[in-house]
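>>> give me coordinates for this.
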Amino acid sequence: MGNNQMRNKALRDRLSRYREINITVTGRKSGRTISIPIWFVWEDDTLYLLPVKGSDTQWYKNVLKNPSIRIDARGAEVKLKTLSITDAAQVKSVVEKFRGKYGATDVKKYYSKFDVAVVAQMQETPS
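A predicted model of the protein is given here:
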């Protein structure tokens, strides 16, 4: 196993167990990197993110401009390209995943707008 594969294995392992990760995005105006702790769902090598204020969320507006993010699960890091989801049915399916992981009550408590979601896929980079 190459170094990348080992790193990715460690990351996958952490993503399957953790409740929170840090994502680093690039500020659309400042160009500075901004790091935020967020909830996520990890399923089939795909990372699902739900902005708490939907399309009004600052980090979401940043990834629209620059879809490249870095995720950090307690030291296991990887760069990913994000894809914004605006289709209502697809967003609803992401919301369901979040309810399944965190419970409907907490999702209702912390999330105020469900009009968008973000998805990122982990690609094996050749070592």
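
>>> give me the element residue 118 is part of.
According to DSSP states H and E, residue 118 maps onto strand 117-121.

>>> which SS class is residue 81?
With DSSP: H, G, I helix; E, B strand; the rest coil as the basis, residue 81 sits in strand.

>>> now do it against residue 106, distance only.
28 Å (Cβ to Cβ, to the nearest Å). C-betas here are computed from N, CA, C, even on glycine.

>>> what's across from the closest residue to residue 21 other than its chain neighbours in the sheet?
Distances taken as Cβ to Cβ, 6 or more residues apart in numbering put residue 73 closest to residue 21, at 4.8 Å, once the chain neighbours are dropped. Beta-bridge partners of residue 73, counted by DSSP bridges, are residue 76.

>>> tell me who's in contact with residue 73.
11, 14-15, 18, 21-22 (Cβ atoms under 8 Å, 6 or more residues apart in numbering).

>>> do you know how far it is from residue 54?
Going from residue 73 to residue 54 by Cβ to Cβ gives 24 Å.

>>> where does residue 31 land in three-state SS?
Assignment for residue 31 (three-state DSSP): coil.

>>> start the count at 342 instead of 1 going forward.
Got it, the first residue is 342 from now on, which makes the last one we talked about residue 372.

>>> what comes up buried for the helix or strand that contains residue 410?
Using DSSP H and E, residue 410 sits in strand 409-414. Within strand 409-414, the residues scored as buried using 16 or more other Cβ atoms under 10 Å are 410, 412-414.

>>> could you count how many residues lie near the residue nearest to residue 408 when sequence neighbours are not counted?
In space, and not counting its chain neighbours, residue 408 is closest to residue 423: 4.6 Å by Cβ to Cβ, 6+ apart. Neighbourhood size, residue 423 [other Cβ atoms under 10 Å]: 20.

>>> the one 3 residues further on too?
Summarising burial for residue 426: neighbours were counted as other Cβ under 10 Å, giving 19.
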